[in-house]
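A.B. asks: Predicted model, plus sequence, below.
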Amino acid sequence: MKRHLFLLAILPFMISCTKPEKIDLLKLKLDEPLINLIEFNDSLLVGVETVEYPFCLFAEVEKSQKYTFDGIDLNEHKIIFQINSEKLRTDSISRFGGAHIDLERIKNGNELKNALRNFKAESNIYGVRIAIEDPNLTSEILKKIELKYGKGTKNPNTDNGLYWNVKEENKYIFFAPDYDRLIILNSTNLSKTCYWDIFNGLIDFGGCDNEKYTKELIKNSTKPEDVQNKPVVKIDRNWHVNTLIVGKSSEEDFLKSPISKNFERIEEINGSSGEMNQIMYQDEYHDFYFYFKVNPKDLENKKANSMKSYSLNDLKKVEISFENGLKAGMKFEDALKILDKKTIVKTIKNEGELRFANYIIIKNASYEVSLVFDENLLLSGIFLK
């Protein structure tokens, strides 16, 4: 009898261990400790993803059973928590118009603590993003938001986007179905007049000074003119960089090249499968990146990993020369005069909030080259794949 009573006594604890309590993302205050919102048994990635948003640290969880949205299960959807990071605010590797992904698989509390420390990040979140690709779920979530907060304000930058400024809860809510995103942020320490991200564009809550807001976002970034020990970069007529050839040069070739000094090796892992997507070498200080295709049969064989692209996000941070006559800071129209018209497949000049990202896109049998021009239409970056 005593044995039966003992089993009955511990049964609630056994159930609680096997069925963790669900977390309703709509009810979060968005100042909770990250450690209280995650399970290390889930696929957890922590790091930078500038395409998603460049000015914070991310903790991404995929296909977890842990999360709901006002009663709606989010089992098959990616959840992304946003965390303030002093490193990304004061020496940002992110640049408008540049793409950078650096996510590390986290398996326990010590690894999480180290990741937060490396990025000089806070331990509490300030926002959450939900990737929603199911149109039916998108509709149901919108109904839940409108039931609680009423009709949203139309986002003028997207076809179907809406937003809410919930002042009594210190929350911004951005519903961006055109880009499969719902974004909820704690607005306490954010601008009260402006908000920008790639999915919503620039939102004006009233009295937004776009130029002042943008400067505030990147005010502590290292100025190009203050960069020291600039790498010497030579681009030949075939867009090869310092004799390294995309599609032919190996990871070993790169490591033997003098240009590899000060680069850090990063293995990018697929969060759902755990497989290695690619190897990246980054020199954050000089905004210089190389990407290598991985040989799945022999991951550690550096001779078998081939170079697939490179990126220079700020030409002012390197000493660069072009064999074809291009120059860093060259005007858009002058570059067009130098380039072979037959190889130009597209030119893009943007206005408004995207005026900092303008492109001449060149394509040949082997590569696609994107020349990036800043808001003054001066050559500022290059990406080859």
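C.D. replies: Nice, I can see it. Since this is a predicted model, take the numbers as computed values, not measurements. Numbers count the residues shown, from 1 in each chain.
A.B. asks: Stretch 77-88: which residues count as buried?
C.D. replies: Neighbour counts over stretch 77-88 (16 or more other Cβ atoms under 10 Å) mark His77, Lys78, Ile79, Ile80, Phe81, Gln82, Ile83, Asn84, Ser85, Lys87, Leu88 as buried. Every residue, glycine included, has its C-beta placed from N, CA and C.
A.B. asks: In strands, which of those fall?
C.D. replies: Counting by DSSP state E, the buried residues of stretch 77-88 place Ile79, Ile80, Phe81, Gln82, Ile83 in strands.
A.B. asks: For the stretch 251-385 of the chain, just list every one of the helices.
C.D. replies: Using DSSP state H, counting those that start in this stretch, the helices assigned to the stretch 251-385 of the chain run over residues 251-256, 332-338.
A.B. asks: out of these, deepest packed?
C.D. replies: Mean neighbour counts were compared across the helices of the stretch 251-385 of the chain using mean count of other Cβ atoms under 10 Å; the top stretch is helix 251-256, at a mean of 16.
A.B. asks: Just send the ones in strands among the buried residues of stretch 77-88 back as TSV, with pLDDT and distance to Ser306 too.
C.D. replies: What follows is those, written out as TSV (pLDDT from 0 to 100; distance: Cβ to Cβ, whole Å):
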residue	pLDDT	distance to Ser306
Ile79	96	34
Ile80	96	31
Phe81	97	35
Gln82	96	35
Ile83	96	35
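A.B. asks: May I ask which two of those are separated the most?
C.D. replies: Farthest pair in these (Cβ to Cβ) is Ile79 and Ile83. Separation: 13.3 Å.
A.B. asks: Report pLDDT for the residue nearest the centre of the chain.
C.D. replies: In the chain, the centroid-proximal residue (Cα atoms, centre = their mean) is Glu49; its distance is 1.8 Å. Glu49 carries a pLDDT value of 80.
A.B. asks: distance between stretch 56-66 and the chain's centre?
C.D. replies: In terms of Cα atoms, centre = their mean, to the nearest Å, the centre of stretch 56-66 is set 14 Å apart from its chain centre.
A.B. asks: Send over that stretch as PDB, restricted to the C-alpha atoms.
C.D. replies: Taking Å, rounded to 0.1, in the frame of the first residue of the first chain, the C-alpha atoms of stretch 56-66 are listed here in PDB:
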ATOM      1  CA  CYS A  56      20.700  42.700 -31.900                       C
ATOM      2  CA  LEU A  57      21.600  39.200 -31.000                       C
ATOM      3  CA  PHE A  58      19.200  36.300 -31.900                       C
ATOM      4  CA  ALA A  59      18.200  33.100 -30.100                       C
ATOM      5  CA  GLU A  60      16.400  30.900 -32.700                       C
ATOM      6  CA  VAL A  61      14.300  27.900 -31.800                       C
ATOM      7  CA  GLU A  62      12.900  25.600 -34.500                       C
ATOM      8  CA  LYS A  63      10.000  23.200 -34.300                       C
ATOM      9  CA  SER A  64       9.700  23.300 -30.500                       C
ATOM     10  CA  GLN A  65       6.600  22.000 -28.700                       C
ATOM     11  CA  LYS A  66       7.000  24.700 -26.100                       C
END
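A.B. asks: pLDDT averaged over it - what is it?
C.D. replies: Averaging pLDDT along stretch 56-66 gives 91.
A.B. asks: Could you do stretch 238-247 as well?
C.D. replies: Stretch 238-247 carries an average pLDDT of 91.
A.B. asks: going forward, begin numbering at 46 instead of 1
C.D. replies: Got it, first residue is 46 now, which makes that one stretch 283-292.
A.B. asks: first to last residue in that stretch, what's the distance?
C.D. replies: Distance across stretch 283-292, first residue to last, is 12 Å (Cα to Cα, to the nearest Å).
A.B. asks: all strands of the stretch 46-195 of the chain, in order?
C.D. replies: With DSSP state E, counting those that start in this stretch as the criterion, the stretch 46-195 of the chain has strands at 68-69, 88-94, 102-107, 112-114, 117-118, 124-128, 146-150, 172-176.
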